[in-house]
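>>> Provided below are the primary sequence and the corresponding predicted coordinates.
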Amino acid sequence: MTASTPSAAKAGGANQPGPSQGGVIQYVQRHWVAVVVLALVIAFPFLDFTSDAVTHVTVLVNAGVFVLMALGLNIVVGYAGLLDLGYVAFFTLGAYSYAMANFGNIIRTKSGIAYQVPGQTIPGTPITLSVWPMLLGGLVVAAVFGILLGAPTLRLRGDYLAIVTLGFGEIVPIIFHNNAALGGAFGFTGLDLPSSIPTPLGPIKFSFLNQVTFYYFILILCLLAVLLVLSIRNSRFGRAWIAIREDETAAAASGVNLVRTKLLAFAMGASLGGLAGVFYASHLTTVTYDQFDFSISIYVLVMVVLGGMGSIPGVIAGAVVVYFVNSYVLGYLNNTLHDHNILVNFDFSQIRNLLYGLVLILMMILRPEGLIPSARRRQELHTFEQRTDEGAVEALDAPPGLGVVGNPDGQLEE
Amino acid sequence: MLKLDGVDTYYGPSHILKNVSLEVNQGEIVTLLGANAAGKTTTMKTILGLVRPTKGAVSFADQRIDRTPTKEIVSRGLVLVPEARRVFPRMSVMENLQMGAYIRKDTAAIQADLDRVLTLFPRLKERATQLAGTLSGGEQQMLAIGRALMASPRLVCMDEPSMGLSPILVQTVFDTIQRIRDQGVTVFLVEQNAFMALNIADRGYVLQQGRIVLADTAKNLLTNDLVRRAYLGG
């Protein structure tokens, strides 16, 4: 599952990962952990015989939304090395684009198509788009806004980019809040759950009242996202992203168009955020501005850093772990302690951000490469350890490029 | 082949290059000598279009390139080996070489150049899957040069390739530069190690505080008083 296996690099000009080179059997042998995990994930709804099975699946569905976002932010932060603190903006745009397309405010009139502002009645037939076209729609909307935000700002570096994206993440939900036409303070409620999937051979009927259907829905979206990210990572665009992260000047000297390549990373990352937003809105059937605050940007960033920047299994694990801590472990701590009359007036979810901060600091000290590091990070840190073991002579000869090893999060700084 | 004509370059308000004119002909090794902050790296960046001159003309193969995008300059066969061995430390050796061919699409020719580079630098072949940041200083310099050659250049600009290397490795690097020239690639070499550079170069220029103060054959520069005093320690 890891994108950057040595063999992929050895393949020279070939851009395809594993399967096309070694056949399916070899691929499974090399990635057996991923295959086993995937099999367990697919079978999970049938293996869970506890009385809380529905809750478990629901929690996993919501975790899947964050997995999708973490995969998207990983492109921006992990591959291209651009610190985006306002990723929630794209999630918001995805969710609202489904809400607005589904709510019935788009009216087909005699002269064309109009958007009906609340309080206004436009004669004609309302068009309500279902989630299927809007999966693409939300993705495109988010990608377009990613480009609009990126075009003027991606000339900035490091801290400046972080501040601008932070602002964007704050502004977008506020714009929806302050415009009645965009939902205003009440947002959009009573949106359609996904119904049958239309196909050329007639609709396939599913009951989306059942959480298990949503579970497979988000699972498929996540798998598609993984395939997309993997194939781009191993293409020349993927190499260009990493090259920019490593050294902008050297990348430019190799002929990489910096702005366009960064924009592509931004748009790709944004589009997965938008996709997550559409799914989220169709699952919850309600979209209000207060669901999209700054903390979501931070959660997703924590997921990426905790799991291992640039590592796909890492960010997936990071997303699942952080989501569980957030929605399960903190509540469990509260209940358990309160049951025993300990810290009755204390709510652990109040110190959630403090805990994330601590986790991030501990990770940076103890395991800077993340929970499941990408192969390149692991190799880098291990080779560094070997080199320092080899003694002083070798250390004196250590190349300047190793400087980044002592500062593993350096890629966020420039 | 490469020509700078009355070039002025600024970094913000600082005037770095002042009326710089120089020329590199096909098949030559030409060196640009100068102390720290004389404007050597800025000259390189101006040639590659990484900074733009405010005045004057840069041309390559009889075509103006001072407003041409870097990508286009590289694809016309003018490439840079950046100073301080700027390889991509967290990419493998092979990926670094592939980045050199970033602008090219001719897969077969890229493979041929890859074979050529790996023959020139057998150490890179041994370390193909290793991360570039874990290579020794000399190996990184080889990789930086190899990456530039992957663009199939007609002219390579090298920014201080000897910087920070041991004397033996410096010798290896300069031997390599001569071998590259022998393969038909023109070399424009920026150096602080004036003695080594003048020994392999055909001609040289001396840059002081942003101005070209001397231009002559390498042989004459080696015996020039100013050069001897300022750069050759005697």
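That came through, no problem.

>>> contacts and neighbour counts: CA atoms only from here.
Fine.

>>> Please enumerate the strands of chain B.
B:2-11, B:14-24, B:29-34, B:55-60, B:63-64, B:78-81, B:155-159, B:186-191, B:203-208, B:211-217 (DSSP state E).

>>> what are the phi and psi angles of the residue of chain A found nearest chain B?
At 4.0 Å from chain B, A:Gly255 is the closest residue in chain A, using Cα to the nearest Cα. With angles defined as degrees, to the nearest 10, A:Gly255 shows backbone torsions of phi 100, psi 10.

>>> then stretch B:29-48 to PDB, C-alphas only?
Only the C-alpha atoms of stretch B:29-48 are listed here, as PDB (Å, rounded to 0.1, in the frame of the first residue of the first chain):
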ATOM      1  CA  ILE B  29      34.700  25.200 -20.500                       C
ATOM      2  CA  VAL B  30      34.400  28.800 -19.300                       C
ATOM      3  CA  THR B  31      34.800  29.800 -15.700                       C
ATOM      4  CA  LEU B  32      33.500  32.700 -13.800                       C
ATOM      5  CA  LEU B  33      35.700  33.500 -10.800                       C
ATOM      6  CA  GLY B  34      34.800  35.700  -7.800                       C
ATOM      7  CA  ALA B  35      34.700  36.000  -4.100                       C
ATOM      8  CA  ASN B  36      31.700  35.500  -1.900                       C
ATOM      9  CA  ALA B  37      28.800  37.900  -2.700                       C
ATOM     10  CA  ALA B  38      30.400  39.000  -5.900                       C
ATOM     11  CA  GLY B  39      27.200  37.900  -7.700                       C
ATOM     12  CA  LYS B  40      28.300  34.500  -9.100                       C
ATOM     13  CA  THR B  41      25.100  32.700  -8.100                       C
ATOM     14  CA  THR B  42      22.900  35.600  -9.200                       C
ATOM     15  CA  THR B  43      24.600  35.400 -12.600                       C
ATOM     16  CA  MET B  44      23.500  31.700 -12.700                       C
ATOM     17  CA  LYS B  45      20.000  32.400 -11.600                       C
ATOM     18  CA  THR B  46      19.700  35.200 -14.100                       C
ATOM     19  CA  ILE B  47      20.800  32.900 -16.900                       C
ATOM     20  CA  LEU B  48      18.200  30.200 -15.900                       C
END
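
>>> Helix or strand with the lowest mean pLDDT in chain B?
helix B:225-231 (a mean of 81; mean pLDDT, DSSP states H and E).

>>> Quick one: distance of that helix to the chain centre.
With Cα atoms, centre = their mean, to the nearest Å as the basis, helix B:225-231 stands 23 Å off its chain's centre.

>>> ok, back up a step: now do the residue of chain A closest to chain B against A:Thr249, distance only.
10 Å (Cα to Cα, to the nearest Å).

>>> Have a look at these two and say which one is more surrounded.
A:Gly255 (26 against 17; other Cα atoms under 10 Å in any protein chain shown).

>>> Isn't the residue of chain A closest to chain B up against B:Arg76?
No: counting by Cα atoms under 8 Å, A:Gly255 stays clear of B:Arg76, with 10.8 Å between them.

>>> For the residue in chain B that chain A sits nearest to, grab the count of nearby residues.
Taking Cα to the nearest Cα, chain A has its nearest neighbour within chain B at B:Lys71, 4.0 Å off. By other Cα under 10 Å, 21 other residues sit near B:Lys71.

>>> That one reaches A:Asn257, doesn't it?
Yes: contact criterion Cα under 8 Å: B:Lys71 and A:Asn257 qualify, at 6.8 Å.

>>> okay, and the common contacts of those two?
Common neighbours of B:Lys71 and A:Asn257, counting by Cα atoms under 8 Å, 6 or more residues apart in numbering or on different chains, are absent.

>>> so what's the spatially most central residue of chain A up against?
For chain A, the residue nearest the mean C-alpha position is A:Met69 (1.8 Å; Cα atoms, centre = their mean). Shown in contact with A:Met69 (Cα under 8 Å, 6+ apart): A:Phe91, A:Leu272, A:Gly273, A:Ala276, A:Val300.

>>> name the element the fourth one belongs to?
In this structure, A:Ala276 is located in helix A:258-284 according to DSSP states H and E.

>>> just how off-centre is that helix within its chain?
The chain centre lies 8 Å from the centre of helix A:258-284; the measure is Cα atoms, centre = their mean.

>>> Mind listing what's buried along that helix?
A:258-259, A:261-283 (16 or more other Cα atoms under 10 Å in any protein chain shown).

>>> Can you name the next helix or strand after that helix?
helix A:294-307.

>>> on contacts alone, who are the packing partners of that next one?
Contact partners of helix A:294-307 among helices and strands, from 3 or more Cα pairs under 8 Å, 6 or more residues apart in numbering or on different chains; DSSP states H and E: helix A:53-73, helix A:88-102, helix A:158-178, helix A:312-324, helix A:352-366.

>>> Would you convert those helices into TSV that also reports mean pLDDT?
Output for those, formatted as TSV (pLDDT from 0 to 100):
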stretch	mean pLDDT
helix A:53-73	92
helix A:88-102	94
helix A:158-178	90
helix A:312-324	90
helix A:352-366	80
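
>>> Give the full set of residues in contact with the residue of chain B closest to chain A.
B:Lys71 makes contact with A:Ala252, A:Ala253, A:Ser254, A:Gly255, A:Val256, A:Asn257, B:Ile103 under the criterion Cα under 8 Å, 6+ apart.

>>> got a winner among these for most neighbours?
Counting neighbours by other Cα under 10 Å, the top entry in the contacts of B:Lys71 is A:Ser254, with 29 neighbours.

>>> Quick check: B:Ala101 vs B:Val74, distance?
When distance is defined by Cα to Cα, B:Ala101 is 10 Å away from B:Val74.

>>> what residues are shared contacts of these two?
Counting by Cα under 8 Å, 6+ apart, the contacts common to B:Ala101 and B:Val74 are A:Ser254, B:Ala151.

>>> Please spell out the segments of chain B that come in under the pLDDT threshold.
By pLDDT under 70, the low-scoring segments of chain B are B:85, B:233-234.

>>> Quickly list what the residue nearest the centre of it is bridged to.
In chain B, the centroid-proximal residue (Cα atoms, centre = their mean) is B:Met158; its distance is 1.4 Å. B:Met158 has these beta-bridge partners by DSSP bridges: B:Val81, B:Leu189.

>>> Hmm, it is touching B:Ala84, no?
No: using Cα under 8 Å, B:Met158 is not in contact with B:Ala84, being 10.4 Å away.

>>> Hmm, A:Phe348 and A:Gly331 touching each other?
Yes: the criterion here is Cα under 8 Å, and A:Gly331 meets it with A:Phe348 at 7.3 Å.

>>> Check the offset of the helix ranked longest in chain B from the chain's centre.
Counting residues, the longest helix in chain B under DSSP state H turns out to be helix B:167-182. Chain-centre distance of helix B:167-182: 13 Å, with Cα atoms, centre = their mean.

>>> likewise stretch A:117-137?
27 Å.

>>> Buried ones in it, by neighbour count?
Residues of stretch A:117-137 classed as buried by neighbour count (16+ other Cα under 10 Å): A:Ile122, A:Pro126, A:Thr128, A:Leu129, A:Ser130, A:Val131, A:Trp132, A:Met134, A:Leu135, A:Gly137.

>>> ok, for the fourth one, nearest residue in space, not its chain neighbours?
Pointing back at A:Leu129 there. Leaving aside its chain neighbours, A:Leu129 sits nearest to A:Asn102 (5.0 Å; criterion: Cα to Cα, 6 or more residues apart in numbering or on different chains).
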